[in-house]
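S.K.: coordinates only, sequence not included:
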């Protein structure tokens, strides 16, 4: 069992990584170290980022997208991505479905909210219905697929949270009212590479 | 009826506002305008921020804190604040209760998630139990109070989302399992200055 991909591998420099002339310092009136520009004193507050997405269905099929970009290029995921300013969480999930899978969706309800503290993310996943089965790969996807539960390529899923969201979706399937799921504490939730969770 | 305080009044310069030598530009490979440092090309990605908090109770009383800082200094609020890196949403809500009201709380369940798109916030509110009624004003509060439902100072509440969370808390009071509340669409939700919502 190796480590999930989001955890501790050195990662390539990302566009939002601060330049080297930013230094860690506790600004006046604050109680935490922040990144401060050594040239102009700009304080670069970093807060957790919100990832919004959805388990989107057409009849008994679930929409998956094959990642065309790192991290986890070539692995399958649910349409999801960073929420932008000016959006609601629902709008962000709808935009990601459109961008990654050319999919129009109608939000059903909030499925799950996961904190992934080590990478500074909060993932907000909805249950949603596709308005049509016409889906296609967007620029960040190599492929898209509408799969039945038994066709899910568990070992080729991109991130632990994709496994979590699918398992929670399955558990919620016949429920109209249910409490939003949070980080699962069961052993299967930490298995890597991913496997089909037991009992689903 | 005036405008809620979070909406369109000019606000003072905040520590995380970028300096004037940052310019709006669409970076290569992106599809949105971002703020870019005109000196070193650092891209200052701005994403929605997460506010985490809780409706905390001791028996039939609800914990409120009187704000000692702007915005809305002197108005009453629920303990809540910006989530920091390295935390889960539950931990952020617990830390805010500790910092603002010297309160130890146990999270019960997710009560509500509100998108406040105009100010780039997602507010995540829990239902929580105080582990003791010993509460006191922290550095960002002028005062704290444990109030019954009938004692809530509706007209002196700090933000629309405080009204929303209290109303949703009241609605959920006898429920163990319920769907997470989202932005209310009723008229009372936009009334300002705030009033006690009808029927609660």
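M.R.: On my side now, so go ahead. Here the structure is a predicted model, which is why all the values come from computation and not from measurement.
S.K.: helices and strands of chain A: which one has the lowest mean pLDDT?
M.R.: Among the secondary structure pieces of chain A, namely its helices and strands, strand A:43-44 has the lowest mean (mean pLDDT, DSSP states H and E), a mean of 88.
S.K.: Name the next helix or strand downstream of that strand, please.
M.R.: strand A:49-58 (DSSP states H and E).
S.K.: ok, which stretches of chain A are strands?
M.R.: In chain A, strands defined by DSSP state E lie at A:22-25, A:34-37, A:43-44, A:49-58, A:61-67, A:76-77, A:80-82, A:105-116, A:121-130, A:141-147, listed in chain order.
S.K.: helices or strands next to the last one in the packing?
M.R.: What that stands for is strand A:141-147. Using 3 or more Cβ pairs under 8 Å, 6 or more residues apart in numbering or on different chains; DSSP states H and E, the elements in contact with strand A:141-147 are strand A:61-67, helix A:89-101. In this view, the C-beta of every residue, glycine as well, is placed from N, C-alpha and C.
S.K.: circling back: the least confident helix or strand of chain A near chain B at all?
M.R.: Yes: using Cβ under 8 Å from any Cβ of the partner chain, we find that strand A:43-44 touches chain B at A:43-44.
S.K.: strand partners of that strand, parallel vs antiparallel please.
M.R.: Each strand that strand A:43-44 pairs with, and the sense of that pairing, follows from DSSP bridges: strand A:34-37 (antiparallel).
S.K.: and the strands of chain A, which is most packed in?
M.R.: For the strands of chain A, ranked by mean neighbour count under the definition mean count of other Cβ atoms under 10 Å in any protein chain shown, the leader is strand A:49-58 at a mean of 24.
S.K.: hmm, it touching chain B?
M.R.: Yes: Strand A:49-58 lies within reach of chain B by Cβ under 8 Å from any Cβ, at A:49-50.
S.K.: Paired strands for that strand, with orientation please.
M.R.: In its sheet, and by DSSP bridges, strand A:49-58 pairs with strand A:61-67 (antiparallel), strand A:80-82 (antiparallel), strand A:121-130 (parallel).
S.K.: what about the first one, distance to the chain center?
M.R.: From the chain centre to the centre of strand A:61-67 is a distance of 13 Å (Cα atoms, centre = their mean, to the nearest Å).
S.K.: Next, the angle strand A:141-147 makes with that strand.
M.R.: Relative orientation of strand A:61-67 versus strand A:141-147 (axes from the mean of the first three to the mean of the last three Cα atoms, to 10 degrees): 160 degrees.
S.K.: my guess is residue A:60 contacts residue A:150, does it?
M.R.: No: proximity of residue A:60 to residue A:150 does not meet the contact threshold set by Cβ atoms under 8 Å, at 10.0 Å.
S.K.: of these two, who's got more company?
M.R.: Here residue A:60 and residue A:150 are compared on neighbour count by other Cβ atoms under 10 Å in any protein chain shown; more neighbours surround residue A:60, at 10 against 6.
S.K.: so how far is chain B from residue A:79?
M.R.: Using Cβ to the nearest Cβ, to the nearest Å, one obtains 17 Å as the distance from residue A:79 to chain B.
S.K.: Ok, residue A:28 next?
M.R.: Distance of residue A:28 to chain B, computed by Cβ to the nearest Cβ: 10 Å.
S.K.: One more: residue A:140?
M.R.: Taking Cβ to the nearest Cβ as the measure, residue A:140 falls 11 Å from chain B.
S.K.: With residue A:136 instead?
M.R.: As judged by Cβ to the nearest Cβ, residue A:136 and chain B stand 18 Å apart.
S.K.: same question, residue A:181
M.R.: 9 Å.
S.K.: can I assume that residue is in contact with residue A:111?
M.R.: Yes: applying Cβ under 8 Å as the test, residue A:181 and residue A:111 come out as touching, 6.4 Å apart.
S.K.: Now do the shared contacts for these two.
M.R.: Taking Cβ atoms under 8 Å, 6 or more residues apart in numbering or on different chains as the contact criterion, the residues that touch both residue A:181 and residue A:111 are A:168, A:172.
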